[in-house]
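Novice: Okay, here's the prediction I keep looking at, along with the sequence it came from:
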Amino acid sequence: MVRLKDIAHEAGVSVMTVSKALRDAPDIAAKTKLRIGDLAKRMGYTPNLGARSLRNRKTRLLGLVIPATTDPIFARIVMAIEQRALEHGYELILHHSWNQTEREKTILRNLISRRVDGIFLSPVYRNDPNLPAYQELQQRGIPTVIMGPLAEFCADFVNVQSLGNESAFGMTQHLIDLGHKRIAFFAGPRFSARAISRQEGYRRALRENGLDEDPGLVFNAGMTIAEGATAAEHLLEEQVNATAVQAVNDLVAIGAANIFLERGLKIPGDLSVAGFGNILTSEHYRVPLTTVRQPKFRLGMAAFDTMLKLLAGERPESQRIVAEVLVRQSTGPPKPKKGAKK
């Protein structure tokens with residue numbers, strides 16, 4: 001293992017000069033820095049990051065907490081954050097909360113104990129307004145970027161999110177513009193701020209278009225393909241006469257569409273189906289899915305830019321990124337009623 005002492009001996013300078021040159025100290029000549037830097041590379045010198053963190057009280061570690069990498073929405077967000085972290089000399093510690101409150105609490109305590117410089121956090125949403133782990137993040141002044149909507153327990157943090165309310169509103173408006181008046185909504189978990197925001201966008205579009213908000217058209221569907229399939233079975237059993245289904249995310253929409261197709265329904269001939277998120281599968285599904293394209297990579301980039309400002313001692317504004325409705329083959333005008341004039 002090459003030490004600073006070895007480089008100093010080879011260069012004919014003091015250990016202090018080598019140390020300062022490698023740290024780009026202002027009182028060392030540029031020519032000396034270049035010579036020592038080249039020599040360190042040739043000798044295979046690797047800096048001791050642990051010792052460096054003790055000197056400047058910075059670990060160059062950033063925590064990243066998401067529900068799971070199997071969630072397609074987070075794959076590109078993680079890629080963006082990882083890319084920027086590498087560019088700026090930070091190492092990521094990735095954790096999965098699995099949307100479990102106790103697991104999230106343990107993860108945050110572990111990250112705090114590892115003295116990370118900052119944390120990117122996709123929260124496990126719940127109704128409790130006071131959470132000790134989040135309060136500790138604030139008390140310790142750990143730079144934290146919330147990735148998603150703010151809830152009461154994390155309202156004092158800065159966040160980065162796509163506008164779920166506005167985007168879901170746009171999707172419902174798309175269905176209304178096609179002529180649909182009986183639009184079912186497959187809702188997500190009741191404590192999820194993301195799901196609540198999307199459902200509110202749906203409800204607002206109905207109100208602004210003078211359509212009744214029929215509770216019988218809203219089904220609890222969770223966030224997975226299996227839960228979307230279950231919700232679709234309930235919709236068919238209850239015969240609510242919906243002409244379109246708007247889902248909280250693409251996985252739920254795909255699960256529902258599987259059931260509709262298995263039962264012999266045509267999409268969109270008999271029933272239009274729309275999702276949210278624009279995961280890769282949505283474009284290549286049996287019936288390409290109309291959905292909302294979230295700028296996932298941009299969200300990750302925006303989260304890192306926000307973190308850099310927090311690390312510099314600034315108080316940046318939260319960022320809201322508009323998503324876009326992508327119209328594909330799964331939505332179309334409602335099927336004409338029997339006896340209706342064409």
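Specialist: The structure has been received and is ready for your questions. Everything numeric here is computed off the predicted structure, so don't read it as measured data.

Novice: thought Thr306 was touching Pro316?
Specialist: Yes: counting by Cβ atoms under 8 Å, Thr306 touches Pro316, with 5.1 Å between them. Bear in mind the C-beta positions are built from the backbone N, C-alpha and C, glycine included.

Novice: Between these two, tell me which one has more neighbours.
Specialist: Using other Cβ atoms under 10 Å as the criterion, Thr306 and Pro316 rank with Thr306 on top: 24 against 16.

Novice: Contacts only, for the most centrally placed residue in the chain.
Specialist: Of all residues in the chain, the one closest to the mean position by Cα atoms, centre = their mean is Phe74, 4.9 Å from it. Contact analysis of Phe74 by Cβ atoms under 8 Å, 6 or more residues apart in numbering lists 66-68, 122, 296.

Novice: Surely it is in a helix?
Specialist: Yes: assigned with DSSP: H, G, I helix; E, B strand; the rest coil, Phe74 falls within a helix.

Novice: Nearest to Ile142 among the contacts of Phe74?
Specialist: Distances from Ile142 to the contacts of Phe74, taken as Cβ to Cβ, are shortest for Ser122 (16.1 Å).

Novice: wait, that closest one sits on Asp71?
Specialist: No: using Cβ under 8 Å, Ser122 is not in contact with Asp71; the gap is 9.1 Å.

Novice: Mind pulling the model confidence for Glu208?
Specialist: The predicted local confidence for Glu208 comes out at a pLDDT of 96.

Novice: out of Ser122 and Asp71, which sits in the busier spot?
Specialist: Ser122 (23 against 19).

Novice: list the contacts for the more buried one?
Specialist: Here Ser122 is in contact with 65-67, 74, 97, 146-148 (Cβ under 8 Å, 6+ apart).

Novice: Save the residues you listed as TSV, and put in pLDDT too.
Specialist: TSV is the format used below for the contacts of Ser122 (pLDDT from 0 to 100):
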residue	pLDDT
Val65	96
Ile66	95
Pro67	91
Phe74	88
Ser97	94
Ile146	95
Met147	93
Gly148	88
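
Novice: thinking again about what came up before, only whichever of the contacts of Phe74 are buried, select them in PyMOL.
Specialist: In PyMOL, a selection of the buried entries from these looks like this (16 or more other Cβ atoms under 10 Å):
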select buried, resi 66+67+122+296
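
Novice: Contact partners for Ile28?
Specialist: 17, 20-21.

Novice: and these, which of them are in helices?
Specialist: Taking DSSP state H, the ones among these that sit in helices are 17, 20-21.

Novice: per-domain residue ranges of the protein.
Specialist: 4-47, 59-162+296-322, 164-293 (automatic domain parsing).

Novice: now the strands for the chain?
Specialist: 61-66, 91-96, 118-121, 144-147, 158-162, 183-187, 218-220, 244-247, 272-274, 291-293, 319-321, 324-326 (DSSP state E).

Novice: Let me know the average pLDDT across the fifth one.
Specialist: Meaning strand 158-162. 91.

Novice: any idea which of the strands of the chain is most buried?
Specialist: strand 244-247 (a mean of 31; mean count of other Cβ atoms under 10 Å).
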